[in-house]
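What shape does this take:
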Amino acid sequence: MHLDSPDAPADPDAQRLHDRRRLSNALKASIAFVLLLVIMFGLQAAFDWRPLAVRPGEWAGLAGLLTAPLLHGSPGHLIANASALLLLGSLALAVYPRATLRGLPLMWLGSGLGAWLMGNPGSHHLGASGVTHGLMFLVFVLGLLRRDRPSIAAGMIAFLFYGGMLLTILPQEPGVSWQSHMGGAIGGVLAAFWFRYADPIPPRRRYSWEIEEEEAARAERERSDTFEPPAPHDVPVLWERPTEEPRGVVLRFPGRHVGSDGTADTHDTRDTRHD
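The predicted structure follows:
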């Protein structure tokens with residue numbers, strides 16, 4: 001499979017520092033968002049959170065499209081989403097910072113819109129699980145679309161830890177909002193298609209065996225271009241045999257004549273030679 005990756009950077013040290021800084025910023029942003037979720041969960045006991053959740057089929061429930069991902073129903077619910085956000089959020093922001101920031105509104109609003117359109121009337125949907133599904137589908141689909149080495153590695157890591165999200169977008173357990181999962185996943189897929197060119201393909205380090213193969217191929221091409229004989233019809237004709245002159249010489253062997261006395265003599269019966 002061809003991996004479309006540019007050559008090594010002109011300044012590897014500067015590129016390495018840039019990559020380290022981008023990974024650090026991605027991790028800090030993910031931790032900051034998780035801390036926000038923890039603070040909101042601690043404040044939920046002080047107010048009625050139900051008006052801030054998504055209520056399917058109710059126009060007033062559309063307000064939850066903006067606030068529902070910040071709310072959680074239990075500590076276990078919060079821990080599950082926080083761990084997924086730390087890994088998937090850091091991975092997405094480190095490899096695709098522009099695509100992730102541009103696609104986050106699609107995943108955020110898609111999560112609530114899926115619950116509002118497909119949820120059961122009278123239910124309340126809350127939690128950031130739809131956003132986590134959107135991040136997983138964003139990273140996974142971008143790995144399939146871009147096919148450069150960082151994208152493939154990020155997609156494999158996301159699938160290794162959270163490949164089960166491919167199934168949780170369908171009804172699995174009572175009380176689990178698979179509708180928000182599906183809405184977030186659709187938002188992630190749309191973001192992957194729309195913003196797949198937002199981030200440039202990072203340069204990669206070229207290995208010694210790749211350079212040796214390229215040099216061997218170049219030498220083979222030069223050798224074939226220099227020493228390969230031309231085609232027969234391209235060779236100029238320097239001499240042609242005359243067609244009007246006889247070709248070849250016929251030589252006759254001397255015949256034998258036996259005399260009356262029984263002795264044999266020879267005489268030359270060769271034709272005249274024509275050159």
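
Name the residues of the host helix or strand of residue 25 that are buried.
Using DSSP states H and E, residue 25 sits in helix 12-43. By 16 or more other C-beta atoms under 10 Å, the buried positions in helix 12-43 come out as 15, 26-27, 29-30, 33-34, 37, 40-41. (Glycine included, C-beta is placed from N, CA and C.)

Can you list the helices and strands that it packs against?
Taking 3 or more C-beta pairs under 8 Å, 6 or more residues apart in numbering; DSSP states H and E as contact, the helices and strands that helix 12-43 lies on are helix 75-84, helix 90-95, helix 97-118.

quick one: contacts of stretch 93-103?
Residues from elsewhere that reach stretch 93-103, judged by C-beta atoms under 8 Å, 6 or more residues apart in numbering: 22-23, 25-27, 29-30, 89, 92, 134-135, 138-139, 142, 150-151, 154, 187-188, 190-192, 194-196, 198-199.

Narrow the residues you listed to those that are buried.
Using 16+ other C-beta under 10 Å as the burial test, these include 26-27, 29-30, 89, 92, 134-135, 138-139, 142, 150-151, 154, 187-188, 190-192, 195-196, 198-199 as buried.

For residue 56, state which of the buried residues of helix 12-43 is nearest.
residue 40 (21.9 Å; C-beta to C-beta).

my guess is the closest one contacts residue 71, does it?
Yes - with contact defined as C-beta atoms under 8 Å, residue 40 reaches residue 71; the gap is 6.4 Å.

picking up where we left off before, tell me what angle the helix holding residue 25 forms with helix 97-118.
With axes from the mean of the first three to the mean of the last three C-alpha atoms, to 10 degrees applied, the angle from helix 12-43 to helix 97-118 works out at 30 degrees.

Just checking the distance from helix 12-43 to the centre of its chain.
Computed by C-alpha atoms, centre = their mean, to the nearest Å, the chain-centroid distance of helix 12-43 equals 25 Å.

Quick check: buried residues in the helix or strand following that helix?
Per DSSP H and E, helix 12-43 leads on to helix 64-67 as the next helix or strand towards the C-terminus. Along helix 64-67, these residues count as buried under the neighbour rule (16+ other C-beta under 10 Å): 64-65, 67.
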